[in-house]
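Enquirer: Give me a model of this one.
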Amino acid sequence: MTKIPSRWISSVTLACVLACAPIICAQETAQGAQRPAGRANRPAMPPAGPGNPQQVEQFLDTYALVQAQEQLQLTDEQFTTFAPRLTRLHIVRRRVGNQRRQLLGELRVLLGQSPAAGDEVIMAKVRALDDFTRRGGEEIQKASVEVDGALTAWQRGRFRLFEEQLERKKIDLLRTLGAARGNGAAGAGS
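Expert: Numbers count the residues shown, from 1 in each chain. Down below sits the predicted model:
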């Protein structure tokens, strides 16, 4: 029997995970996302276009998978279990973050009407935000536990460090892109 190279298996697995990401995202949206009024007919994922945030997220998710396989020294068997779980963790984090930002925006609008908004209305919105923050944290924790289930103790520790490095790289990338856009806009105005 011919042995299949591990890089080939990893590449095929990565392609499968990326192909499944929109399905997982759609399931997450259907399960937990309540769309604001007036947005119910919009598609869950906007059409692809240059600089589309979903394309950037997909690139970062792919980068994270490739780097995780290397840095965590995942076996091929572990990778096939780990990859979809990491993808789900990223999707859950994004969904929870987006919904939390939406609730904060609603609170901001409410507070902007300061005399018009009564204390009870404000406190109800604060309680809703606090409740969602708790539930969202629990969802993220559950997805994190699922990821850990595919890893050894050493890999779990390494994964925590890896995520921190990845987050710093994302911030640096966003700063670089922001600076490039700022310079492009300044150059266009000259």
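Enquirer: Against which helices or strands is the helix or strand harbouring Asp130 packed?
Expert: For Asp130, the element it lies in under DSSP states H and E is helix 119-148. Contacts defined by 3 or more C-beta pairs under 8 Å, 6 or more residues apart in numbering; DSSP states H and E place helix 119-148 against helix 76-112, helix 153-189. Where you see a C-beta, it was placed from the backbone N, CA and C, and this is true even at glycine.
Enquirer: Mind exporting the C-alpha coordinates of stretch 52-70 to CSV?
Expert: Provided in CSV are the C-alpha atoms of stretch 52-70 (Å, rounded to 0.1, in the frame of the first residue of the first chain):
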residue,chain,number,x,y,z
ASN,A,52,-14.2,42.2,1.5
PRO,A,53,-13.9,41.6,5.3
GLN,A,54,-15.1,38.0,4.9
GLN,A,55,-12.1,37.4,2.5
VAL,A,56,-9.7,38.9,5.0
GLU,A,57,-11.2,36.7,7.8
GLN,A,58,-11.0,33.6,5.6
PHE,A,59,-7.4,34.4,4.8
LEU,A,60,-6.6,34.8,8.5
ASP,A,61,-8.4,31.6,9.3
THR,A,62,-6.4,29.8,6.7
TYR,A,63,-3.2,31.3,7.9
ALA,A,64,-4.1,30.3,11.5
LEU,A,65,-4.7,26.7,10.4
VAL,A,66,-1.5,26.3,8.5
GLN,A,67,0.5,27.9,11.3
ALA,A,68,-1.2,25.9,14.0
GLN,A,69,-0.4,22.7,12.2
GLU,A,70,3.3,23.6,12.2
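Enquirer: Which pLDDT does the model give Pro53?
Expert: pLDDT for Pro53: 74.
Enquirer: Quick check: which ranges of the chain have low pLDDT?
Expert: Along the chain, segments meeting pLDDT under 70 span 1-51, 114-116, 184-190.
Enquirer: Kindly recompute the last result at 50.
Expert: Along the chain, the model assigns pLDDT under 50 to residues 1-10, 12-14, 16-50, 190.
Enquirer: so which of the helices and strands packed on helix 119-148 is the most packed in?
Expert: helix 76-112 (a mean of 17; mean count of other C-beta atoms under 10 Å).
Enquirer: relative to helix 119-148, how tilted is that helix?
Expert: 170 degrees (axes from the mean of the first three to the mean of the last three C-alpha atoms, to 10 degrees).
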